[in-house]
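A predicted structure for the sequence below; I have some questions about it.
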Amino acid sequence: MEKGKLYLVATPIGNLGDITYRAVEILKAVDVIAAEDTRQTLKLLNYLDIKKSMFSYHRHNEDFKVEKIMEFLEDGKDVAIVTDAGTPGISDPGEVAVKEAIDRNIEIIPIPGACALVNALIASGLNTKEFSFFGFLPINNKNRKAKLDEIEREEKTVILYEAPHRILETLADLKNVLGDRFVVVAKELTKLHETFYRGNIDEVIDLIGGNPRGEFIIMIDGKIVDKKELFKDMTLEEHYKYYEDQGFDKKEIIKKIAKDLNVSKNEIYQKFI
């Protein structure tokens, strides 16, 4: 029997008019929908006049509901994964199912559409060529501190998601670590009260005010580093580790070190053989 296909269907993040024609056709055509919140998805399906079998698939049941998704797919049924809003797998359920589907040689088809972090970034005015997405910061103090320290060192634009009841606390934590760094905060994207706040962290806290509502996206200007000064007293091993800690592979690191030191890549390569 031919296996079913797994569709990852992006849905609107606020404005239902942002649903794509292709997403509508896929939601009509699949056999079943795995929804983060079936109540939310039912509103969308009613708006689109689609009647479809659904079951819940969220972060609290993801590990064991994946098996249900796989059973449908192995039985030749097509399954769509949708979240409350936006793109599956981006700070939302989806990743576990995708990995399992790959292991079982099941075809995975992404259906593009709204993604809050991309929508926010392109209107931010910050660097869009390179960015790092951290999702939601951990609540645990130790893990949170480690992430904040990582963000402080990041030279790319940093993007975070945050809930309304934690936005001011998170901005205060960022202020303690980043100082006067420039930030852009987006609120209620694609909705009636969509707003962008721009300024240093203190200014943005004042602009948001004391009773924040809606979903927030925080974008942070990357750290500006005087690399000549930074690398001046570094050993080659320290220089290598500087880029390794940022996730670059060996080939990329050698290229970057050669550029920093104005020497040939081969000369650096020979040092690390």
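Perfect, thanks for sending it. Numbering: from 1, shown residues only.

Quickly list the domain ranges of this structure.
Domain assignment of the chain by automatic domain parsing yields the ranges 6-114, 117-220, 227-271.

could you dump those to JSON lines with mean neighbour count and mean pLDDT?
For glycine as for every other residue, the C-beta is placed from the backbone atoms N, C-alpha and C. Output for those, formatted as JSON lines (neighbours: other Cβ atoms under 10 Å; pLDDT from 0 to 100):
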{"stretch": "domain 6-114", "mean neighbour count": "17", "mean pLDDT": "96"}
{"stretch": "domain 117-220", "mean neighbour count": "16", "mean pLDDT": "96"}
{"stretch": "domain 227-271", "mean neighbour count": "13", "mean pLDDT": "84"}
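
Helices along the stretch 101-250 of the chain, start to end?
116-122, 141-153, 167-178, 201-208, 227-231, 236-244, 250-261 (DSSP state H, counting those that start in this stretch).

Does anything pack onto the second one? Which helices or strands?
Looking back up the chat, that one is helix 141-153. strand 131-136, helix 167-178 (3 or more Cβ pairs under 8 Å, 6 or more residues apart in numbering; DSSP states H and E).

neighbouring contacts of that helix?
If you take Cβ atoms under 8 Å, 6 or more residues apart in numbering as the criterion, helix 141-153 is touched by Phe134, Leu137, Pro138, Val158, Asp173, Leu174, Val177, Leu178, Ile220, Lys223.

And the strands in the stretch 1-150 of the chain, which stretches?
6-9, 32-35, 54-56, 79-82, 108-111, 131-136 (DSSP state E, counting those that start in this stretch).

What helices and strands are in contact with the fourth one?
By that I understand strand 79-82. Secondary elements touching strand 79-82 (3+ Cβ pairs under 8 Å, 6+ apart): strand 6-9, helix 21-29, strand 32-35, helix 62-74.

The shortest one too?
For strand 54-56, the helices and strands in contact under the criterion 3+ Cβ pairs under 8 Å, 6+ apart are strand 32-35, helix 38-47, helix 62-74.
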